[in-house]
Structure formats: C-alpha cells, structure tokens
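Trainee: After the sequence you'll find the predicted model.
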Amino acid sequence: MRVHIGTIHRRGHRRIVGALSAALLCTAGVTALPAAARTPDAPAPAARTTGTAPAPRLPDGLAQTPPMGFNNWNSTHCRAEFNEEMVKGIADLFVTKGLKDAGYKYVNLDDCWALPTRDAHGKLVPDPQRFPHGIKAVADYVHAKGLKFGIYTSAGIKTCNPAGFPGGLGHEKSDAQQFADWGVDYLKYDNCNNLGVDAQQRYRTMRDALKATGRPIVYSICEWGENKPWEWASDVGHLWRTTGDISDSWSSMLAIAKQNLPLAAHAGPGHWNDPDMLEVGNGGMTDTEYRSHFSLWSMMAAPLLIGSDLRKATPETFEILANKDLIAIDQDTLGKQATVLKSEDGRWTVVRQLANGDRAVALFNETGRPQRISTTAKDIGLPQADGYRLRDLWQHRDTHTTGTVSATVPAHGTTVYRVSADPRWATYPPAVETGTDRTPLVEAGTAAGIGSTVRNLGGTPAKHLTVTLKAPRGWQVQATSPASARALPGGRTLRTNWRITAPAGTAPGAYALPLTADYRSPRGERSTTTLPGTAHVVVPPPAGTADAAALPWLTAANGWGPVEKNTSVGEEGAGDGRPLSIGGTGFAKGLGVHAASEVSFYTGGRCSAFTARTGLDDEVGDRGSVDFEVWADGKRVARIAGVTGADPARAVSAPVAGAQTVRLVVTDAGDGIDYDHADWADATFSC
Ligand code: GLA
C-alpha cells in the first residue's frame, strides 16, 4: 500500500521523529523563482516545455473563472464538528453575510463524510453520525439557497484519512453516478492509496465516468503536483493541485505561493492551477499575512475555497474574504494568472493582465521589515499616457499617478493596485506615497530621530498637505522641519525630520507609530493616507559579555515553530525543544532556530563582537542544510555557508563595533527549509 504522501508533507516533513524515509519527502521541496525581470505578458519559463500547440480543453464550459466556495478540511480535518449542521450553517452564512453575492458558490465536503465500508451493492454510505439525513438532503439544502454542492473521494482504493474511507479506484462509474444522483456539482479527487496505477489513467477514468452521468460536475484533480498535471490535465479536470497540502502558517503559505507562481502559463478559463484551499481566518497567521495570502491567491487566479469555520469567524476574516475588488481580479474573465515581474531580496512585484486592458499589481513584502516596492505603469505593460488611475484594492480608493506605482509595504504585507490607462485620470486625487527612513530604536527618556517623506506621485498638486506622526500617549513628538505645505506639486517630495522621546521607564517592546498625510485634491476632495509604522523601545546591553538568549530581542522570525531560548526548536509549538546539541556536543545556552530565520538585537553601538558555535541540531540527525550569517546594521560581517547535519559545531566570530543592531540570519542554503533546525549555541555579545 502506498503511503499517504499528503499527510507526510503536511505534518511530517519538518518533524524530527518518524520512521519515514527522506526519499519519500522530496515532494515537499520549494521551487525558487528566477530573480530575472520579465515582462508580465511574456510566458513563464515552464511554458516553453509544452510546445506551441494550445493545450486541449474540456468542452463543457465549466469553471470559466476559478471556482469559489468553501471546503471544511482546513478548519476541521476529520474532527466530529464536520457534520451536517456545519455544512448547512456555512450555506446559511454564504447568503446572510453576502458571500454568495460576492461570488462564493460551492459548499464542498472533504474527506471523512463516508463510512469505512461500502454497502452490499458496492455503494458509498454516508456516516450516519455526521450526516443523519444522508448526503442528498444536504445537497438539497445547499441547492435551495441557490448554491452548489461538492464532494470528495480519492483516486485510490481508500481516501487519505488513516481511518481508510472507500476510494473511487475501480468504482469510478458507480461512484460518479451516485454523486450525480445526489446532486453533486463538484468533485475533489485525491491521490491516496492509488496502488501505483498511472495517474493520468486514474484521473481520466473518473473524468469519463463523470461525463457519462450527464450532470455538469466541476472536476478538481488533487494529486499534489506529483505528476505535473499542468502538462497533461487541461482536458482532464478543471483545476489541479500544484503542491502538497497547505497548513495555517506563513512559511507554508509562502512556500506554496513560490511553487505555484512559475506555473502561470498553464492556467486559463476551464483549467486552473490550484495552490490549495484558503487558510484565512484559521488563526495561524496575522490578518496582514492573511491579506497577503488572499492577495496572492487572487493574483494567481487560484480557486478561492474558504477553509475556515465561518460560524466562528471574526469581522476581519469576513472583510478579507469578501473583498470584491480582489475577487474581481481572481475572477477576471481573461483568466490569465499573474506572473512575477521582479523578485529581489524578498520584495516581489507580481502583475496580472486583465480583460479590459488594466493591470493588477501586487507589491508583496516577504521580509520581516517594511520595504519600499516600486514599479511603473510602463513596466507592467500599460501604454504610454500622461496619467493613470490607481485603485488600492485593500483601501478601496482611487487616485492617479503619472507612472510610478509604489508603496512602503509592511512586514509580510501586500499592497495591490489596479492600474488603468484612463483618460479621466486627472479627475482623481493625486496618489501620495508615505515613507520613513527607519524603524526608530528609542531608549526611554532619550530623544531619537526619524525622517519621513511624502511624495506626490500624481500630476496635480496635493493641497493643504499636513503630515503627522502619531506616537503613543505620553511620548513627545516634534517636527524639526516643516510638516505641512500649502501645495505639494506633482512629482515633489516633502521631507520632515522628527524627534521622538518615550517617557523614562517605558517598557521595551514595539509601539505603533503611524505616519499620516492629509491633503486635498484640486477639486477639494480630502484624502488621507496612513503608513502603519513601528517604534521599538530598547534597552542597551550591559557592559561585559552578555548571553544572547538572556537579552531581549528586537524581532524574531522562524520558518517553522518559534525561536527558542536555550533549547533547539523541537516541534512546532513554543517551549517544546530539546537541549542544544551539535555533532554530539551539548550546549547549555544559545538560541534554537529554524530556517528561514532572523533574530535581531539592539546593540546601540556599544558592543564589539558576537561569537557563537553554529550547526544543525542533532535532533535532525544528518539531515538539513543551512547558511549562518551575522549582519551588523546593513552589512554582513560573518557567514558560514553550506552547513549540514553531518557537520560538527563551527565557531563564528563577528566584528560588530559601532552597530546599532545585529541580525542573526539562517537561510535554507537554497534547498528548502526541511529539517533546518539550526542552533546558535553559546551565542554571546561582548559589549
Ligand atoms: C489530502 C488532500 C487534502 C485533504 C486530505 C483529506 O491530504 O491533499 O487536501 O483532502 O487528503 O484526507
């Protein structure tokens, strides 16, 4: 029997314990994208392998735009709360919360809806605990709301859940007919327990069985990209998974986006790349990260299948999922998946051509710090013009630009614009871009400086401009140069210097420091743009030698699980690491991290050196490979490259004299983050 690679991928590939061979896990790798710039309309490199003839299509006219709806898997897995009541509750909310109006249509069941054995006639039997009135009753309920209904099974002898529910292999005709009789409109067909039967054959057999029922059924191929379905499935299914399972974490979402982006050339009306269902609202990411997830999925023309239990969702979750401006991008009738125009140091410019000639541009910040990301109307493929309409798809606001399309994007955030060559551009207020020259590090009681810039990207003046920097109550904020202008002409920048002081005794930590520009258009309309900024209240390290794990960190990010003090990373939870150990040597102190990781410290110009013993923790055996880097402000001052699990601890000694901050970075050495449990053992600052 084949092992369920989906499960391994989802839960096991970065885990330490488990008897599964590393060879089975290779599907979990992350594909890096070429950094080279490309025009948005040029085909992605992968297209070249498919030749010149257009791919054949299913003739049924289904899924002309990516399917939108709900699937329970990401929120419930196989738990008991997946039942009739939940499914009906979701259908109700689709209507009452306006999601149906926003375009969400399919209410889909995933694994675990059936009993483990078929009946005497070989028919599938709904689990009577979960679905006491059967599946048809649920389908009828969903249909009565004007929605569509979907179901799940596997192209194998059993589904993916270890409980082993019956799969469709060898039962295609009868199962497809049973689904059609129930009123199923969508089938997700998984890959587990497939006995090694050829994938193309398995998925074609079910395609033919669905067709033979005469009922229009959207057919979702879920073989995790193992057999490159984008190369052969355009006339087999309407969508195909391109990756292993998503999980509710930033690193999972990011890795999947990076695998799916290069496949742009293979998607189009009726045949979509499927980077898996949405995690928005499940709690493992911040709302900023969920907005990035939703932005990227919409740019990639991905199916938008809500994966959270809407009965418990926050208003923010509904706001993200019902963003009609972004849904319009996802559902654009041209059906062109976005391509990567530029990707550099975690700053991404992703562009999608739209049916009416507009371009959607996502400025996506993969890094843990705010980044300015900038492009132009020309570079994204719009014709030469004096001005363009610029719609911010999260702010839902129209402005104009003479060509620059840019924003300072918060850590892990995404700004999405719809840019139009609109002859009426000058009737919209000028776009004003706000930025700061740093994230201020403030020692309580001592003044710190920060510079702000407000740039008019438009061709008309921004009138009665006032700039404000808002610090927490009790702080002092003083502009030491002009913070207002009667009119800021198009193309001009107002720079302001500020002095901010946190009261003595303010606790160390991150504090909101938003920068707002308020102005009027030539027609008198008032516009306000706000950059959500941060100030860090810091304490200088004590003189002498200081153990890094005992110092407060400024920021800490890991590719998997949290950064741990004096233990390895261990599993995904906090505080579940083991004693630090590299090459058989134990260490009492240090930091346990997981690539891609970055931990930063405030040194305030008071330290001279950082030293540590670095290596992959013994908890991963001889697996994994990473690079260790030490950065003093913007300069890399030490690097140990190509460290593998077989290596002994290697000493690093980095000069950091004069640096305000020191960053400890661990990268995946270019081969994906699996097993990259890395230790900064005996990490010490000399100050
Ligand atoms: C596989 C699929 C998931 C989900 C589970 C159900 O892992 O890829 O999306 O359907 O099976 O067991």
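Mentor: Received it, and whenever you're ready, just let me know what you need. Numbers count the residues shown, from 1 in each chain.
Trainee: Could you chop the chain up by domain?
Mentor: 4-39+67-241, 339-427, 432-538, 545-686 (automatic domain parsing).
Trainee: mind checking the longest helix of this protein?
Mentor: Using DSSP state H, we find that the single longest helix of the chain is helix 199-213.
Trainee: T317 is nearest to which of the domains of the chain?
Mentor: Nearest to T317 among the domains of the chain is domain 4-39+67-241 (10.2 Å), distances taken as C-beta to C-beta. In short, each C-beta sits where N, CA and C put it, glycine included.
Trainee: Quick one: mean pLDDT for that closest one?
Mentor: Regarding domain 4-39+67-241, the rounded mean pLDDT is 86.
Trainee: excluding its backbone neighbours, what's nearest the residue in the stretch 151-300 of the chain that the ligand sits nearest to?
Mentor: Taking C-beta to the nearest ligand atom, the ligand has its nearest neighbour within the stretch 151-300 of the chain at C160, 3.3 Å off. Nearest non-adjacent residue to C160, counting by C-beta to C-beta, 6 or more residues apart in numbering: C192, 3.9 Å away.
Trainee: I figured that neighbour hits G167, correct?
Mentor: Yes: C192 is within contact range of G167, at 7.1 Å (criterion: C-beta atoms under 8 Å).
Trainee: Common neighbours of the two, please.
Mentor: 154, 156, 158-159 (C-beta atoms under 8 Å, 6 or more residues apart in numbering).
Trainee: Could you tell me which of those residues are located in strands?
Mentor: S154 (DSSP state E).
Trainee: What is the most widely separated pair among the shared contacts of C192 and G167?
Mentor: G156 and T159 (7.5 Å).
Trainee: which residues are common contacts for those two?
Mentor: Common neighbours of G156 and T159 (C-beta under 8 Å, 6+ apart) are 167, 190, 192-193.
Trainee: And these, which is closest to Q129?
Mentor: Distances from Q129 to those, taken by C-beta to C-beta, are shortest for G167, at 20.7 Å.
Trainee: wait, doesn't the closest one sit right on T153?
Mentor: Yes: applying C-beta under 8 Å as the test, G167 and T153 come out as touching, 5.9 Å apart.
Trainee: Neighbours of A53, how many?
Mentor: Here the number of neighbours of A53 (other C-beta atoms under 10 Å) works out to 6.
Trainee: hang on, the earlier thing: neighbour count for G156 and T159, which is higher?
Mentor: T159 (28 against 25).
Trainee: out of everything not next to it in sequence, what's closest to the more buried one?
Mentor: Excluding its sequence neighbours, the residue lying closest to T159 (C-beta to C-beta, 6+ apart) is F165, at 4.4 Å.
Trainee: The stretch 51-200 of the chain: strands as residue ranges?
Mentor: For the stretch 51-200 of the chain, applying DSSP state E, counting those that start in this stretch gives strands covering 68-71, 106-108, 148-154, 186-190.
Trainee: other SSEs contacting the second one?
Mentor: Think strand 106-108. strand 68-71, helix 84-96, strand 148-154, strand 186-190 (3 or more C-beta pairs under 8 Å, 6 or more residues apart in numbering; DSSP states H and E).
Trainee: The last one too?
Mentor: Packed against strand 186-190 by the contact rule (3+ C-beta pairs under 8 Å, 6+ apart) you find strand 106-108, strand 148-154, helix 199-213, strand 218-221.
Trainee: And the contacts of that strand?
Mentor: Residues contacting strand 186-190 (C-beta under 8 Å, 6+ apart): 6, 67, 69, 71, 106, 108, 110-111, 148-156, 159-160, 167-168, 176, 179, 203, 206, 210, 217-223, 237.
Trainee: cool, and the longest one?
Mentor: Residues from elsewhere that reach strand 148-154, judged by C-beta under 8 Å, 6+ apart: 69, 71, 105-111, 113-114, 124, 135, 138-139, 142-143, 159-160, 165-169, 175, 179, 182-194, 218.
Trainee: In the stretch 301-450 of the chain, what residue comes closest to the ligand?
Mentor: G307 (9.5 Å).
Trainee: who's in contact with that residue?
Mentor: So G307 contacts 70-75, 277-282 (C-beta under 8 Å, 6+ apart).
Trainee: For it, which non-adjacent residue is spatially closest?
Mentor: N74 (3.0 Å).
Trainee: Can you verify my assumption that that neighbour contacts I246?
Mentor: Yes: in this structure, N74 is within contact of I246 by C-beta under 8 Å, at 7.2 Å.
Trainee: Overlap of the contact sets of those two?
Mentor: 277, 279.
Trainee: could I get the strands of the stretch 51-200 of the chain as TSV with distance to the ligand?
Mentor: Formatted as TSV, the strands of the stretch 51-200 of the chain follow (distance: least, C-beta to the nearest ligand atom, whole Å):
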stretch	distance to the ligand
strand 68-71	8
strand 106-108	10
strand 148-154	6
strand 186-190	5
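Trainee: Next to the ligand, which bits of the chain? Give me the list.
Mentor: Contact residues, the chain versus the ligand (C-beta under 6 Å from any ligand atom): 6-7, 73, 110-111, 159-161, 190, 222, 224, 245.
Trainee: Tabulate the residues you listed (a markdown table), appending distance to A264.
Mentor: Shown next, in a markdown table, are these (distance: C-beta to C-beta, whole Å):
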| residue | distance to A264 |
| --- | --- |
| G6 | 24 |
| T7 | 29 |
| W73 | 26 |
| D110 | 27 |
| D111 | 29 |
| T159 | 31 |
| C160 | 28 |
| N161 | 33 |
| D190 | 25 |
| C222 | 20 |
| W224 | 19 |
| D245 | 22 |
